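Undergrad: Sequence first, then the predicted structure, then my questions.
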Amino acid sequence: MAFPIPSRQLYIDGEWREPIKKNRIPIINPSTEDIIGDIPAATAEDVEIAVTAARRALTWNKGSEWASASGAHRAKYLRAIAAKVTERKDQLAKLEALDCGKPYDEAAWDIDDVAACFEYYADQAEALDAKQTSPISLPMDTFKCHVLRQPIGVVALITPWNYPLLMATWKVAPALAAGCAAILKPSELASVTCLELADICKEVGLPAGVLNILTGLGPEAGAPLASHPDVDKVAFTGSTTTGSKIMSSAAQLVKPVTLELGGKSPIVVFEDVDLDKAAEWTAFGCFWTNGQICSATSRLLVHERIAAEFLDRLVKWCKNIRISDPFEEGCRMGPVASKGQYEKVLKFISTAKSEGATVLCGGSRPVHLKKGYFVEPTIISDVSTSMQIWREEVFGPVLCVKTFSSEDEAIELANNTHYGLGAAVISQDLERCERVTKALQAGIVWVNCSQPCFCQAPWGGTKRSGFGRELGEWGIENYLNIKQVTQYISDEPWGWYKSP
Ligand SMILES: NC(=O)C1=CN([C@@H]2O[C@H](COP(=O)(O)OP(=O)(O)OC[C@H]3O[C@@H](n4cnc5c(N)ncnc54)[C@H](O)[C@@H]3O)[C@@H](O)[C@H]2O)C=CC1
Ligand SMILES: NCCCC(=O)O
Ligand code: NA
C-alpha cells in the first residue's frame with residue numbers, strides 16, 4: 001500500500017529537532033522488505049538536551065504548569081491527546097501496519113486502546129486530586145497525618161516494537177497523569193507512530209518538555225538515557241537481556257525501575273472443554289500480533305485424553321488463519337517485524353527439529369508469499385522440558401505442545417519456566433480453574449480465554465518476566481513518590497525533656 005510516511009525529527013522541548021549527529025535509521029516495511037522512509041537517530045548528545053528540557057518542564061513556574069498543578073489540569077491534555085488519536089485513528093493504524101506488519105484490523109484495535117488508555121489516565125489524574133487530602137488515622141489524637149502523592153520527576157520510558165504506540169501509551173499516559181516529565185525512547189524497529197504522537201502533543205499544546213520523544217538505537221540512545229544521573233526512574237518493556245542491563249545501570253544510582261520482560265506463558269487445556277472454542281483461544285493466545293506478544297501463551301499443555309482430537313482441530317483452525325499483507329481484507333496474520341526476528345524464529349524451528357521435536361503444522365514461509373518476513377502459524381509437538389523451544393521465548397508464531405494426565409502435573413509443567421508473565425486455563429469446571437489460577441506462577445491469568453487486555457486491570461510479571469505493575473490504578477503509582485506528612489496538632493508542649 002502506498003501511503004505517505006511523514007518525515008520527522010526528534011521531539012524535544014516541544015519542538016522538532018534534528019539529531020546533533022544528523023544520523024537517520026531506515027524504516028523497513030516487513031511485508032515488502034522495502035525501505036519506506038527514515039527516522040532520526042538520537043545519541044547521548046540529544047539525550048542530554050532532552051533530559052535538561054524535561055527537568056526544566058518540571059520546575060517551570062515552580063511546577064505550577066505541570067508537576068504541582070492539579071491532576072484535573074493535566075487530565076485536560078490527556079483527553080485532548082485521546083481525542084486527536086481517535087481523529088487520526090485510520091492514519092495511525094495504517095502507519096503501524098506498514099511499520100511493524102500488524103494486520104490492519106489489529107492495528108485499528110490497538111489505536112482504539114491507545115485513546116482509551118489516555119482517557120483512563122485522565123480519570124486517574126483527576127482521582128489523584130481527591131486522594132491527596134485523605135487522612136490516615138493514627139493511634140494518637142495529638143497528631144494528624146496524610147500522604148502526598150508527588151511525581152517521581154524525570155522518567156525514561158523505553159518501549160518495544162510489538163505494540164509500538166500502545167506500549168508507549170501504557171507508560172506515557174500514567175507518567176503524565178502523575179505529573180512527571182518524560183523521555184520516550186521507542187524501538188528503532190517501529191517508531192513511526194510514536195513520532196506522530198509527538199505531532200499530536202504539539203497540536204494540543206502540551207507544555208514544552210513535558211514529553212520528549214527520542215528515536216534511535218538501544219545502545220546509542222536507550223543506554224545513555226537509562227543511565228543518565230538526572231533521570232529519576234526507568235520504565236522498560238522488552239527483552240529480559242536488555243531489562244537486566246537497564247537494571248544493572250540503574251542500580252549504580254539506586255534508581256527505581258519497572259521491568260516488563262519476556263515470557264513463555266502456558267495455556268492449560270483440560271479434558272472437559274468445547275474443542276473448537278478452546279482451539280480458537282489457543283490459536284489467538286499464541287498467534288495474535290503475529291505471535292509477538294510478551295504474554296503469548298506459547299506453551300500448550302493439553303490433557304492426554306483429548307490431545308489427539310484437540311490437536312487435529314487446532315491444526316485445522318491454524319490452517320484457516322489468513323496470512324497476507326496486513327492491508328488485505330480479512331488478514332489475520334502479517335509478517336514478523338524485522339529480518340532479524342524472521343531469522344531468529346526460523347532458527348528456533350530448525351533447532352526444535354534437530355532436538356527431536358515434530359512440526360505438526362507450519363514451520364516455514366507460506367508458499368504464496370515470496371517476499372516479506374512471513375512465517376506460517378507453527379505448532380511443534382514431541383517436546384521435552386529440556387528443549388530450547390520449551391524454555392526460551394520465540395516471540396513469533398510458534399506454539400509448542402506437551403500433554404499431561406493430572407491437574408498436578410499440568411501445574412508443574414505450567415510453572416516449569418524461569419518466566420512468569422501470563423498463563424491461561426481452559427476448563428468448564430470453574431472450581432478447577434480457580435485452583436489452577438492460584439497455583440500458576442504468573443502476573444496475569446486468563447480463564448477460558450487468552451490475551452484480552454483492559455487498561456483498568458494490572459499488567460506485569462513475576463520471576464524473570466520482571467516486576468512492577470502497569471495499567472489500572474497501579475500504573476500511575478509507578479510514577480509517584482509517596483510522601484508522609486505528619487503534623488503535631490496539640491497546643492501542649494511535647495514534654496519529653498525536662499524544660500530548662
Ligand atoms: N517483552 C516484550 O514485550 C518484548 C520482548 N522482546 C524480545 O526481545 C527480543 C529482541 O528484540 P529487541 O527489539 O532487540 O528487544 P530489546 O529489549 O533489545 O528492545 C526493547 C527496547 O530497548 C531498547 N534497548 C536496546 N538495548 C538497550 C540498552 N542497552 N539500553 C537501553 N535500551 C536499550 C531498544 O532500542 C528498544 O527500544 C525479541 O526477539 C523478543 O524475544 C522484544 C520486544 C518486546
Ligand atoms: N495486549 C498487550 C500485550 C502487551 C505486551 O506484549 O507487552
Ligand atoms: Na519497521
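TA: That came through fine. Numbering: from 1, shown residues only. Ligands and ions are numbered 1, 2, ... in the order given.

Undergrad: For the chain, which residues are neighbours of ligand 3?
TA: By CB under 5 Å from the ion, the residues of the chain that approach ligand 3 are I28, D99, A190. Glycine gets a C-beta too; all of them are placed from N, C-alpha and C.

Undergrad: Can you pull out the low-pLDDT segments for the stretch 201-350 of the chain?
TA: For the stretch 201-350 of the chain, no stretch has pLDDT under 70.

Undergrad: Please, where are all the strands along it?
TA: In the stretch 201-350 of the chain, the segments counted as strands under DSSP state E, counting those that start in this stretch are 211-213, 233-237, 257-260, 265-269, 297-303.

Undergrad: nearest spatial neighbour of the residue in the stretch 301-450 of the chain that ligand 1 sits nearest to, skipping sequence neighbours?
TA: Nearest to ligand 1, among the residues of the stretch 301-450 of the chain, is F395, at 3.4 Å (CB to the nearest ligand atom). Nearest residue to F395, sequence neighbours excluded (CB to CB, 6 or more residues apart in numbering): Q292, at 5.2 Å.

Undergrad: wouldn't the one you found be in contact with K344 here?
TA: No. Counting by CB atoms under 8 Å, Q292 does not reach K344; the two are 11.0 Å apart.

Undergrad: what sits in contact with each of the two?
TA: F395, G396 (CB atoms under 8 Å, 6 or more residues apart in numbering).

Undergrad: out of the two, which sits in the more crowded spot?
TA: Taking other CB atoms under 10 Å, Q292 and K344 do not tie; Q292 has more neighbours (23 against 14).

Undergrad: Please give me every residue in contact with that one.
TA: Contacts were defined as CB under 8 Å, 6+ apart; by that measure Q292 touches N162, V336, A337, Q341, F395, G396.

Undergrad: Make TSV out of these and add neighbour count.
TA: Formatted as TSV, the contacts of Q292 follow (neighbours: other CB atoms under 10 Å):
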residue	neighbour count
N162	26
V336	29
A337	27
Q341	24
F395	25
G396	25
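
Undergrad: Between all of these, which two are at the greatest distance?
TA: Maximum pairwise distance in the contacts of Q292, criterion CB to CB, is 10.6 Å, between N162 and G396.

Undergrad: Give me the domain ranges for this structure.
TA: Split into domains by automatic domain parsing, the chain comes to 10-261+465-485, 266-447.

Undergrad: what about the first one, distance to the chain center?
TA: The chain centroid and the centroid of domain 10-261+465-485 are separated by 12 Å, computed with CA atoms, centre = their mean, to the nearest Å.

Undergrad: One more: the shortest one?
TA: Averaging C-alpha coordinates over domain 266-447 and over its chain gives two centres that are 20 Å apart (CA atoms, centre = their mean).

Undergrad: Is any residue of that domain near ligand 2?
TA: Yes. Using CB under 6 Å from any ligand atom, domain 266-447 reaches ligand 2 at I293, C294, S295.

Undergrad: Tally up the residues packed near the second one, please.
TA: So the one you mean is C294. Applying other CB under 10 Å, we find 27 residues neighbouring C294.

Undergrad: give me phi/psi at it?
TA: Phi and psi for C294, reported as degrees, to the nearest 10, are phi -60, psi -30.

Undergrad: Please report how far it lies from G14.
TA: According to CB to CB, to the nearest Å, C294 and G14 sit 32 Å apart.

Undergrad: One more: the first one?
TA: Distance from I293 to G14, counting by CB to CB: 34 Å.

Undergrad: And for the last one?
TA: In this structure, S295 and G14 are separated by 35 Å, where distance is defined by CB to CB.

Undergrad: So for these two, which residue has more residues nearby?
TA: S295 (25 against 19).

Undergrad: In the sheet, which residues pair with the residue nearest to the more buried one when sequence neighbours are not counted? Tell me.
TA: Nearest residue to S295 in three dimensions, chain neighbours excluded: G422, at 3.5 Å (CB to CB, 6+ apart). As for beta bridges, G422 partners with I444 under DSSP bridges.

Undergrad: can you check W459 too?
TA: Taking DSSP bridges as the rule, W459 bridges to E470.

Undergrad: check contacts around it.
TA: Residues in contact with W459 (CB under 8 Å, 6+ apart) are W170, E260, G443, I444, C453, R469, E470, L471, G472.

Undergrad: Show the pLDDT at it.
TA: W459 is assigned a predicted lDDT (pLDDT) of 98.

Undergrad: Roughly how far does it sit from G263?
TA: Per CB to CB, W459 is found 12 Å from G263.

Undergrad: Please, where are all the helices along the stretch 51-200 of the chain?
TA: Ranges of helices in the stretch 51-200 of the chain, per DSSP state H, counting those that start in this stretch, are 71-87, 89-100, 104-131, 164-178, 192-203.

Undergrad: ah, wrong one, I meant the stretch 351-500 of the chain
TA: Secondary structure of the stretch 351-500 of the chain (DSSP H, counting those that start in this stretch): helices located at 388-391, 407-414, 430-439, 472-477.

Undergrad: The ones you listed into CSV, with extra columns for mean pLDDT?
TA: As requested, the helices of the stretch 351-500 of the chain are exported to CSV (pLDDT from 0 to 100):
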stretch, mean pLDDT
helix 388-391, 98
helix 407-414, 98
helix 430-439, 98
helix 472-477, 97
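
Undergrad: Flag the shaky bits of the stretch 51-200 of the chain, pLDDT-wise.
TA: By pLDDT under 70, the stretch 51-200 of the chain has no low-scoring segment.

Undergrad: quick one on the thing from earlier: pretty sure the residue nearest to S295 is touching I444, no?
TA: Yes. If you go by CB under 8 Å, G422 and I444 touch, sitting 4.6 Å apart.

Undergrad: re earlier: export the helices of the stretch 351-500 of the chain to TSV and append columns for mean neighbour count.
TA: As requested, the helices of the stretch 351-500 of the chain are exported to TSV (neighbours: other CB under 10 Å):
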stretch	mean neighbour count
helix 388-391	19
helix 407-414	18
helix 430-439	14
helix 472-477	20
